[in-house]
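Chemist: Predicted model follows, preceded by the sequence.
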Amino acid sequence: MAPTHGSFARHLTRRGLLTAGAAATGAALVGTPARAAAGPTVIALPDGFRPEGITIGGGPYAYLGSLGDGSLYRVDLRTGSGTIVSPGPGTPSVGLKLDDRGRLFVAGRGQGARVVDARSGEILASYVLGTTTPTFANDVFLSRRAAWFTDSYQPVLYALPLGRQGSLPDADEVVRIPLGGAWNQVPGEVVNANGITRTPDGSALLVVQSGVGALHRVNPRTGVTELVDLGGAAPLTNGDGLLLIGRTLYVVQNRQNAIDVFTLAADGRSGVFRRRITDPAFDVPTTVAAYRGRLWLPNARFTTTPTPATTYTLVSVPK
């Protein structure tokens, strides 16, 4: 039987509600030297790969998912060499996150979610997330007690409750939390909820609504949202991947070829715009992860018709 909202709320801790593991947030990187990592700043990915999501653990390896066949690719950020670690199921892999147990949590668009062993490539579990069509599982955030997924076509978040030792839930234990409050869903197959992370104090979730360029603070117990006051900053048009490091929030805006950087209040209710990062090598970057002093972004090239021979790259810029 699927957990109810009430039972899931009790599953979460009272304080530090969304405390995240190091690999989930990049927190393991905060204590590393500020110098940029040595290695290439542009890395070639396999032709035709169609990257979208990226995640990096404590070591120099990034993992990327393919929008084409769903394969998962591991690349050494020091050398640029890489390999497919898990052949795709033939359906898209979108957002993904690596936990400190070496498991990749993968959003699978209309196919829900799956958990993959990053070493062996074995699929450990699969989950149906959306029960209403159309559905589009887009991005994922890991806390110590749950894996949270956005749905770009439905006003709902999904949570996979994790046991105290990180054990995975059964297939029927997906928690579905409708979004309310300030959330105004644009109907149809329009990208709404996209990137997801937490507030600096771990009291709530942050979700960017791509189509309207808004950032929402979401109560994870109830799904009630409020707009984050960004002090009159320009809308986060085509907002995609989110990365939180300390109180600094990086928001990728894919077709704008930009990352907007904010300093957030601890509770995430407000933020101050600091700067915009752009680079000539950006070609519709979608998501972002950090390794030492650099940000790494896959170029999804949404404005280029994909073919088996289309080239793709992974680009890094200083934080």
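Modeler: Noted; the coordinates are in hand. Residues are numbered from 1 along each chain as shown.

Chemist: Out of the helices and strands in the chain, which is least certain?
Modeler: None of the helices or strands of the chain scores lower by mean pLDDT, DSSP states H and E than helix 22-25, at a mean of 44.

Chemist: ok, residue 308 touching residue 50?
Modeler: No: using Cβ atoms under 8 Å, residue 308 is not in contact with residue 50, being 10.1 Å away. (Each C-beta comes from the backbone N, C-alpha and C, glycine too.)

Chemist: who's more crowded, these two?
Modeler: Between residue 308 and residue 50, residue 50 has the larger neighbour count (other Cβ atoms under 10 Å), namely 23 against 9.

Chemist: so how far is residue 168 from the more buried one?
Modeler: To residue 168, residue 50 is 28 Å away according to Cβ to Cβ, to the nearest Å.

Chemist: ok, residue 164 - how many residues close by?
Modeler: Residue 164 sits with 8 neighbouring residues when counted by other Cβ under 10 Å.

Chemist: same check, this time on the one 4 residues further on
Modeler: The criterion is other Cβ under 10 Å. On that basis, residue 168 has 17 neighbouring residues.

Chemist: Equivalent analysis for the one 5 residues further on, please.
Modeler: In terms of burial, residue 173 registers 15 neighbours under the definition other Cβ under 10 Å.

Chemist: Tell me which helix or strand it sits in.
Modeler: Secondary structure from DSSP states H and E places residue 173 outside every helix and strand.

Chemist: remind me which residues of the stretch 151-300 of the chain are low pLDDT?
Modeler: Low-confidence segments of the stretch 151-300 of the chain, defined by pLDDT under 70, are absent; every residue clears the threshold.

Chemist: So which residues of it form strands?
Modeler: Per DSSP state E, counting those that start in this stretch, the stretch 151-300 of the chain carries strands over the ranges 156-161, 175-178, 180-181, 193-198, 205-209, 214-218, 224-227, 239-245, 248-253, 258-264, 271-277, 289-291, 294-298.

Chemist: closest to residue 312 out of those strands?
Modeler: Closest to residue 312 of those is strand 294-298 (Cβ to Cβ; 7.2 Å).

Chemist: Next, the buried residues of the helix or strand just after that closest one.
Modeler: From strand 294-298 onward toward the C-terminus, using DSSP H and E, the following helix or strand is strand 312-318. Buried positions in strand 312-318, judged by neighbour count with 16 or more other Cβ atoms under 10 Å: 312, 313, 314, 315, 316, 317.

Chemist: Then stretch 289-305?
Modeler: 289-292, 294-302.

Chemist: One more: stretch 140-159?
Modeler: If you call a residue buried by 16+ other Cβ under 10 Å, then stretch 140-159 has these buried ones: 140-159.

Chemist: ends of it, how far apart?
Modeler: Terminal residues of stretch 140-159 are spaced 9 Å apart (Cα to Cα, to the nearest Å).

Chemist: Which parts of the stretch 1-150 of the chain are strands?
Modeler: 42-45, 51-56, 61-66, 72-76, 82-86, 96-98, 103-107, 113-117, 123-127, 137-142, 146-151.

Chemist: Who does the last one pair with, and is each partner parallel or antiparallel?
Modeler: What it means is strand 146-151. Applying DSSP bridges, strand 146-151 is found paired with strand 137-142 (antiparallel), strand 156-161 (antiparallel).

Chemist: out of those strands, nearest to residue 275?
Modeler: Put simply, out of the strands paired with strand 146-151 the one that sits nearest residue 275 is strand 137-142, at 23.4 Å, with distance taken as Cβ to Cβ.

Chemist: ok, residues contacting that closest one?
Modeler: When contacts are defined by Cβ atoms under 8 Å, 6 or more residues apart in numbering, strand 137-142 is touched by residues 20-21, 23-25, 53, 94-97, 99, 105-113, 129-130, 147-152, 158, 191, 193-198, 205, 241-242, 287.

Chemist: gap between that strand and the chain center?
Modeler: Distance of strand 137-142 from its chain centroid, counting by Cα atoms, centre = their mean, to the nearest Å, is 5 Å.

Chemist: Over to stretch 48-62?
Modeler: For stretch 48-62, the separation from the chain centroid amounts to 11 Å (computed by Cα atoms, centre = their mean).

Chemist: CA atoms only for it, dumped as CSV, please.
Modeler: Extracted C-alpha coordinates of stretch 48-62, given in CSV (Å, rounded to 0.1, in the frame of the first residue of the first chain):
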residue,chain,number,x,y,z
GLY,A,48,24.3,11.1,-31.2
PHE,A,49,24.2,10.7,-27.4
ARG,A,50,21.8,13.6,-26.7
PRO,A,51,22.8,14.4,-23.1
GLU,A,52,20.4,16.1,-20.6
GLY,A,53,21.1,15.3,-16.9
ILE,A,54,24.4,15.3,-15.1
THR,A,55,25.6,14.3,-11.6
ILE,A,56,29.0,14.2,-10.0
GLY,A,57,30.0,12.5,-6.8
GLY,A,58,33.0,13.0,-4.6
GLY,A,59,35.5,11.8,-7.3
PRO,A,60,36.4,13.1,-10.7
TYR,A,61,33.7,11.2,-12.5
ALA,A,62,30.5,12.7,-14.1
